[in-house]
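Q: The following comprises the amino acid sequence and a computationally predicted model.
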Amino acid sequence: MRKIAIMTSKGGTGKTTTVINLAHCLALSGKRVLVIDCDSQANVSMAFDVKPQKGLAELITTGDVDIVKVRPNLFIVDSGGKRLVESELVLARQEDRETRLQRVLNRLVGCDFVICDCPPTINLININALNFCDQVIIPVSMDFFACEGARKTLSLIDEIRERIGHSVTVLGLLATFFDRRTRISQRTYDQLVEQYGQLVLATRIRINTQLKEAQEKYQTIFEFAPYSHGALDYFLLAKEVANGSNRIPIEVKD
Ligand SMILES: Nc1ncnc2c1ncn2[C@@H]1O[C@H](COP(=O)(O)OP(=O)(O)OP(=O)(O)O)[C@@H](O)[C@H]1O
Ligand SMILES: [Mg+2]
């Protein structure tokens, strides 16, 4: 079971969009995927138009949770919205405040992937997500503030490794909102590669309005516009996450 956090301390960089579409693409490929919404904005349950009663808020306080099947092979845990903020306050007074999620989920079985959608802050829930997950994808929306957000997230990951001794690693920095028509996108991408080298994923998620429109219809991009740039980019990301490469094999037939 691979546990991946989608995290950066900058808001609006495409974290939730990445979680939803990456998770659905992996589910379509036959993997069993659980998405855990760690953000009190509760955008994951909104995206699938479900309202579970018990979410992450209840999971970290009572150990009880509703796991909802939203598509074949795809399951979600809602954050609990405002209740998650209240649970974080309760959690802050506990001794295992930084590792509770890992403790309550240590009996989780039956999934190939667990993907956590994280809030754009450095809070206790995010520290719990980092302690639970093995790998992190950091979306960078091709601008200066997003690069700063990535830098802060990388140093938080280092801190978790050193202070708590949990061996979470960076799966990669993911270029999002990539726009070929602007020089800033290419320049920011080149700077990221210069600074972080192999840590930058080969897949780039281009700006694609259909990704936004899909959410309005409670669909993923693979349902709303399967032949769009957005669908291709998220397919390539799923391939890169699953196999370490996003190259589509070219089959030569006689
Ligand atoms: N590649 C893209 N092209 C066009 N629009 C996009 C793209 N990715 C995301 N969006 C849109 O941008 C907005 C922000 O995306 P999203 O909610 O995924 O970001 P986020 O990082 O999860 O935000 P937050 O930090 O608030 O949780 C949404 O309206 C989403 O539909
Ligand atoms: Mg989000």
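A: Everything's here; your move. Numbers count the residues shown, from 1 in each chain. Ligands and ions are numbered 1, 2, ... in the order given.

Q: From here on, just use CA atoms for contacts and neighbour counts.
A: OK.

Q: what residues does the stretch 51-200 of the chain put near ligand 1?
A: 119, 120, 176, 177 (C-alpha under 6 Å from any ligand atom).

Q: tell me the secondary structure for the second one?
A: Just to be clear, that refers to residue 120. coil (DSSP: H, G, I helix; E, B strand; the rest coil).

Q: same deal with the one 10 residues further on?
A: Classification of residue 130 using three-state DSSP returns helix.

Q: follow-up on the earlier one: save the residues of the stretch 51-200 of the chain next to ligand 1 as TSV, and put in distance to residue 130 too.
A: Converted to TSV, those look like this (distance: C-alpha to C-alpha, whole Å):
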residue	distance to residue 130
119	12
120	13
176	21
177	25
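
Q: Just among the residues you listed, which is most surrounded?
A: When those are compared by neighbour count (other C-alpha atoms under 10 Å), residue 176 ends up highest, at 26 neighbours.

Q: For it, list the residues it contacts.
A: Residues near residue 176 by C-alpha atoms under 8 Å, 6 or more residues apart in numbering: 13, 14, 139, 140, 141, 142, 204, 205, 206, 207.

Q: which of those count as buried?
A: 13, 14, 139, 140, 141, 142, 204, 205, 206, 207 (16 or more other C-alpha atoms under 10 Å).

Q: Verify the stated contact: the second one with residue 142.
A: Which is residue 14. No. With contact defined as C-alpha atoms under 8 Å, residue 14 and residue 142 do not form a contacting pair (11.1 Å).

Q: Please enumerate the shared neighbours of the two.
A: 176, 177.

Q: Contacts made by stretch 118-127 with the rest, please.
A: Residues contacting stretch 118-127 (C-alpha under 8 Å, 6+ apart): 5-11, 15, 37-40, 88, 92, 97-99, 129, 160.
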